[in-house]
Structure formats: C-alpha cells, structure tokens
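Participant: Everything below, folded, please.
(chains A and B)
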Amino acid sequence: GAVVSQHPSRVICKSGTSVKIECRSLDFQATTMFWYRQFPKKSLMLMATSNEGSKATYEQGVEKDKFLINHASLTLSTLTVTSAHPEDSSFYICSAREPGTGPHQHFGDGTRLSIL
Amino acid sequence: AQSVSQHNHHVILSEAASLELGCNYSYGGTVNLFWYVQYPGQHLQLLLKYFSGDPLVKGIKGFEAEFIKSKFSFNLRKPSVQWSDTAEYFCAVTGMDSSYKLIFGSGTRLLVRP
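Facilitator: Numbering: from 1, shown residues only, chains lettered A, B, ... in the order given. Next up is the predicted model:
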C-alpha cells in the first residue's frame, strides 16, 4: 500500500533554532499533503494544506512565518519551524493524498519535537 | 463550526467483550466519515470509511461502523475484541469540497486486557 515517510522521528534542539521536518510519499505522487499538530491527549489539529508548486494554505491561527511549508516536488513536502521555542514542542504529523482516491490520506509516523 | 466529538476518552475491556465507540459530528452538508487506528508506536491507519451507499460499513479486523444521518453519528463497533486491538481510535470527517481537509475527534484510547 501507499507509504508516507516522515523524518526525523524525533528531534531535540535549543530554543531559537530552526527545525526542518520532511514528509515523503514513497510509492505515489502526492499533489496534496497535510501537516497536523497533536498535543498530548488531544486530537490532531490541521495546520496547513501543502499543494505542489503553490503556496500552502494555512488554517486560522497558524503563523505562516513561524511554520514554513514547502512542497517543491510531487513526493516531498517540508515543514520548517523557525526560531523554535518551548511552546512549539509537540508531535507533528504529515499526510499525503493519493490523486484519484478521494479524501483518504496516508499518514507518516510523526515527528516528536522537543525544544529546550 | 465543524467538529467531531468522541465521548469515550478511555475504554478498558476484557478480551471477547463487545466494543462500541461513539462518534458524533457537526458539519454542514454532505460528509465523508472515517475511523483511523493508531497502534502503539505506529502511524495512523485507516480502519474503515463511509462515502455513500449502505450506511453499515465493514472495515478491517472485524470492525464495522454505522452512519446514522439523523443522529449525526458514526459509531464504531466490534462484536468481540482481542488484546491486539489495544490502540487509539480516531473518528474523522471531511466535506465533499476539493480541499479534503480532515477534522479529527479527540481520540479514544482502548485497552484490552487478556
């Protein structure tokens, strides 16, 4: 079946640094990818929709300059958390939609981000 | 506002017990409904989905869900759970527009005791 690879799985860094998370669709081309954030014991919250070759669409309340999304190819989207602070610590999950399969999304394993 | 409610946050069952997890949604218009499962240490996987047609949907591993439009519900059921069903279960909804944005419930953590 369709596989989405997310890297890294875990990252710990100092406050003020920028962190890049990669999301790759391994065996299909994904024109649309999604980035979610999951707080402890909470639901997945959609942050943005990433469309190949165009600007990402951010959900209300998500800072565009804080969470930079790039979807440069049909198999790769990246999320960069700029100038990260402890409140950005969270579990970030990406998903990819396979064209022609409707709304179903394939999910990555997630990235645990810890900002010290 | 669009939302999904899962009423049971934690459920503990013994093996062979029957399972029903509640899911209610608030969404204007026609919807697509999903149940995802996340086993410990693994990514979210699709359990079953409803797009249209028969409101009783059968998924993998013996799970099923029933879409009741009048109640805005999509409850997940399994007649007899196994220890391997221990996981977190998420209900999700998306509309029929092309954005395909998923709105998730808060999840239900199921523990099945052997």
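
Participant: list the buried ones in the helix or strand harbouring B:T94?
Facilitator: Element membership for B:T94, per DSSP states H and E: strand B:87-95. The neighbour-count check on strand B:87-95 (16 or more other CB atoms under 10 Å in any protein chain shown) flags B:A87, B:Y89, B:F90, B:C91, B:A92, B:V93, B:T94, B:G95 as buried. (Glycine included, C-beta is placed from N, CA and C.)

Participant: Mind listing residues that contact that strand?
Facilitator: Identification of contacts with strand B:87-95 by CB atoms under 8 Å, 6 or more residues apart in numbering or on different chains yields A:43-44, A:103, B:2, B:4, B:6, B:21, B:23, B:25, B:27, B:29-40, B:44, B:47, B:74, B:76, B:100-105, B:107-110.

Participant: ok, of those residues, which come out buried?
Facilitator: A:43-44, A:103, B:4, B:6, B:21, B:23, B:25, B:27, B:31-38, B:44, B:47, B:74, B:76, B:100-105, B:107-108, B:110.

Participant: Near chain A, which residues of chain B? Just list them.
Facilitator: B:4, B:9, B:32, B:34, B:36, B:42-46, B:49, B:51, B:90, B:94, B:99-107 (CB under 8 Å from any CB of the partner chain).

Participant: Near chain B, which residues of chain A are found?
Facilitator: Within chain A, the positions near chain B by CB under 8 Å from any CB are A:4, A:32, A:34, A:36, A:41-46, A:49, A:57, A:93, A:95, A:97, A:102-105, A:107-110.
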